[in-house]
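A.B. asks: dropping the sequence and predicted coords here.
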Amino acid sequence: MVTYKCFSCNKKISEDQIGKRVRCIYCGCKILFKPRTAVTKIKAR
């Protein structure tokens, strides 16, 4: 199950709650993102 976060209100939204419309069900914001679970560090050359 994929969970997204709203960029505006920062609430968690599951993929089932979104449906076909990509909007936050709480505030109506159109910007949703998937939070990263692990931090990846890349060493610069």
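C.D. replies: Alright, I've got the coordinates. From a predicted model like this one, the values you see are computed outputs, not experimental measurements.
A.B. asks: what does stretch 14-25 rub up against?
C.D. replies: Applying Cβ atoms under 8 Å, 6 or more residues apart in numbering, the external contacts of stretch 14-25 come out as 1, 2, 3, 4, 6, 8, 9, 11, 13, 29, 30, 32. In this view, the C-beta of every residue, glycine as well, is placed from N, C-alpha and C.
A.B. asks: tell me who's in contact with residue 4.
C.D. replies: 12, 13, 14, 15, 18, 32, 33, 34.
A.B. asks: bridged to the third one, which residues?
C.D. replies: In this entry, residue 14 is beta-bridged to residue 3, by DSSP bridges.
A.B. asks: burial count for it?
C.D. replies: Using other Cβ atoms under 10 Å, residue 14 has 11 neighbouring residues.
A.B. asks: tell me how far it lies from residue 22.
C.D. replies: Separation of residue 14 from residue 22 (Cβ to Cβ, to the nearest Å): 13 Å.
A.B. asks: sorry, back to before: put the buried members of the contacts of stretch 14-25 into a ChimeraX selection.
C.D. replies: Applying 16 or more other Cβ atoms under 10 Å to the contacts of stretch 14-25, the buried members can be selected in ChimeraX as follows:
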select :4,6,13,32
